[in-house]
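[1] got a predicted structure here, sequence first:
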Amino acid sequence: MEAIGVSKVFGNGDDAVRALDNVDVTIRENEFFTLLGPSGCGKTTLLRLIAGFDFPTEGEIRLYGEDIAPLPPFKRPVNTVFQNYALFPHMTVAQNIGFGLEMLGKPKAEIDARISEMLKLVRMEELRNRRTSQISGGQQQRVALARALAPRPKVLLLDEPLSALDFKLRKDMQIELKRLQHETGITFIFVTHDQEEALTMSDRIAVMSKGHILQIGSPRDIYDRPAERFVANFIGDTNFLEGQVKEVHGSKARIALNAGAEVEAGISEGANPQGNVTIVVRPEHAAIQARPGADALKGTIENIVYFGTDTHFHIKLASGPHFIVRQQNRHGAGEEFKTGMPVGVEIGQNAAQVLKD
């Protein structure tokens, strides 16, 4: 699946809104691909163009080399699972799953076999004769997935399908979705604004902002090696530090920080580090020290926030901004630190990344 030079403009003249601006992306066969970004970034618009519910102003949507942008939805080998599931409440679970196959004119024996196969896949065999108005939200979501998978689409589109579920059920369904994708081998394209959801399930993630794709990569690439400030800031907690480039060697740069220490930082793809730069450091990639070494940043603890599994130390650096260190709670570790205490911050090896912007 490819989007080539895709733009989408709504409205005309002074009222025109460019929801997508010359987007290029290739989605591999049999992968779980996520479009991630805040509301209004263009991710749902791109999903609708792939589904055929809208048509691009410019560009092509290609599937196996064929431009499918002019085709209506029913002529595309693509199915969609919506936020509200759109089930028929007067029908049983089995009838909902088989409805699309009936509309395609499939033989009854084939429909019955496929319904049984889908019920087993989503682990709902015992509820096949229950009306969908009589089952839970999580079970309804499984029925919607089974109905969308039943015609064996080449691509399954998922438009924030977990947003209506409670926290624990959402976590369970994240694992379930990944299992279904792995077992069916179908390409999943998932839309969400939830960073943790994207990191948990995806093979690759495209981070979007203002109609553009800013970065595409694996969850580890996006989290550990963000290329731009927006990506670093949108995905999880982070620290930004300013400094000057002292030297560059290969994919690394030596940075003299304004906060008073030197670090070696990785260079983002497309970055050309020289002069003043910004680096990013994740809170868990730094360590707090009661007796700081010569290479540590110096500061004072302003706040300590206990989260059960870990503790966040909010530190005001002596020569620079605030800095957060996240430390896992193990056997009383960190209990010696108190608010107002002078400490050091050590940035781990390969922890810092130079941003493009």
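    Right, received. Where do you want to start? Numbers count the residues shown, from 1 in each chain.
[2] helix, strand or coil: sort out the residue positioned nearest the centre of the chain for me.
    The centre of the chain sits closest to residue 198, judged by Cα atoms, centre = their mean, with a distance of 2.8 Å. In three-state terms, and counting by DSSP: H, G, I helix; E, B strand; the rest coil, residue 198 is helix.
[3] so where is the stretch 251-357 of the chain shaky, pLDDT-wise?
    Low-confidence segments of the stretch 251-357 of the chain (pLDDT under 70): 332, 357.
[4] can you pull out the helices in it?
    Assigned by DSSP state H, counting those that start in this stretch, the stretch 251-357 of the chain shows no helices.
[5] all strands of it, in order?
    Here the stretch 251-357 of the chain has its strands, by DSSP state E, counting those that start in this stretch, at 252-257, 262-267, 276-281, 286-289, 297-306, 310-317, 322-328, 342-347, 352-354.
[6] mind listing what's buried in the strand or helix carrying residue 206?
    Per DSSP states H and E: residue 206 is located in strand 204-209. Under the neighbour-count criterion of 16 or more other Cβ atoms under 10 Å, strand 204-209 has 204, 205, 206, 207, 208, 209 buried. The way it works is simple: take the backbone N, C-alpha and C, and place the C-beta from them, glycine included.
[7] so for the fifth one, what's the nearest residue that isn't a sequence neighbour?
    Right, residue 208. Closest residue to residue 208 apart from its sequence neighbours, by Cβ to Cβ, 6 or more residues apart in numbering: residue 37 at 3.6 Å.
[8] got a list of what that neighbour touches?
    Shown in contact with residue 37 (Cβ atoms under 8 Å, 6 or more residues apart in numbering): 43, 193, 207, 208, 209, 234.
[9] do residue 235 as well
    Counting by Cβ under 8 Å, 6+ apart, residue 235 has contacts 195, 199, 207, 222, 223, 226.
[10] again, 6 Å this time
    Going by Cβ atoms under 6 Å, 6 or more residues apart in numbering, residue 235 touches 195, 222, 223.
[11] ok, it to residue 13 distance?
    Relative to residue 13, residue 235 is positioned 37 Å away (Cβ to Cβ, to the nearest Å).
[12] tell me where the stretch 1-150 of the chain has helices.
    With DSSP H, counting those that start in this stretch as the criterion, the stretch 1-150 of the chain has helices at 43-51, 93-103, 108-121, 137-149.
[13] who touches the third one?
    With contacts defined as Cβ under 6 Å, 6+ apart, helix 108-121 is touched by 94, 97, 98, 101, 125, 128, 146, 150.
[14] and of those residues, the nearest to residue 310?
    For the contacts of helix 108-121, the closest approach to residue 310 (Cβ to Cβ) belongs to residue 146, at 37.9 Å.
[15] quick check: which of the strands of the stretch 251-357 of the chain is buried the most?
    With neighbours defined as mean count of other Cβ atoms under 10 Å, the strands of the stretch 251-357 of the chain peak in mean count at strand 352-354, which reaches a mean of 23.
[16] off-centre distance for it?
    Averaging C-alpha positions (Cα atoms, centre = their mean, to the nearest Å) puts strand 352-354 21 Å from its chain's average.
[17] got a list of contacts for stretch 216-229?
    For stretch 216-229, the external contacting residues (Cβ under 6 Å, 6+ apart) are 199, 202, 204-206, 214-215, 232, 235, 268-269, 353, 355-357.
[18] relative to the strand holding residue 206, what are the paired strands and their orientations?
    When pairing is defined by DSSP bridges, strand 204-209 lines up against strand 32-36 (parallel), strand 212-217 (antiparallel).
[19] now the angle from the longest one to helix 43-51?
    Just to be clear, that refers to strand 212-217. Interaxial angle of strand 212-217 relative to helix 43-51 (axes from the mean of the first three to the mean of the last three Cα atoms, to 10 degrees): 80 degrees.
[20] in strand 212-217, what's buried?
    Going by 16+ other Cβ under 10 Å, strand 212-217 has these buried residues: 213, 214, 215, 216, 217.
[21] show me what the fourth one is bridged to.
    For residue 216, the beta-bridge partners are residue 206 (DSSP bridges).
[22] you'd agree residue 241 is up against residue 279?
    Yes. Counting by Cβ atoms under 6 Å, residue 241 does reach residue 279; the two are 5.2 Å apart.
[23] roughly how far out does stretch 52-69 sit from the chain middle?
    23 Å.
[24] which residues does it contact?
    By Cβ under 6 Å, 6+ apart, the surrounding residues in contact with stretch 52-69 are 1-9, 48-50, 72-73, 76.
[25] one more pass at 7 Å, please.
    Stretch 52-69 has contacts (Cβ atoms under 7 Å, 6 or more residues apart in numbering) with 1-9, 45, 48-50, 71-73, 76, 154.
[26] repeat that for stretch 11-26.
    Here stretch 11-26 makes contact (Cβ under 7 Å, 6+ apart) with 2-10, 42, 45-46, 206, 211-213, 216.
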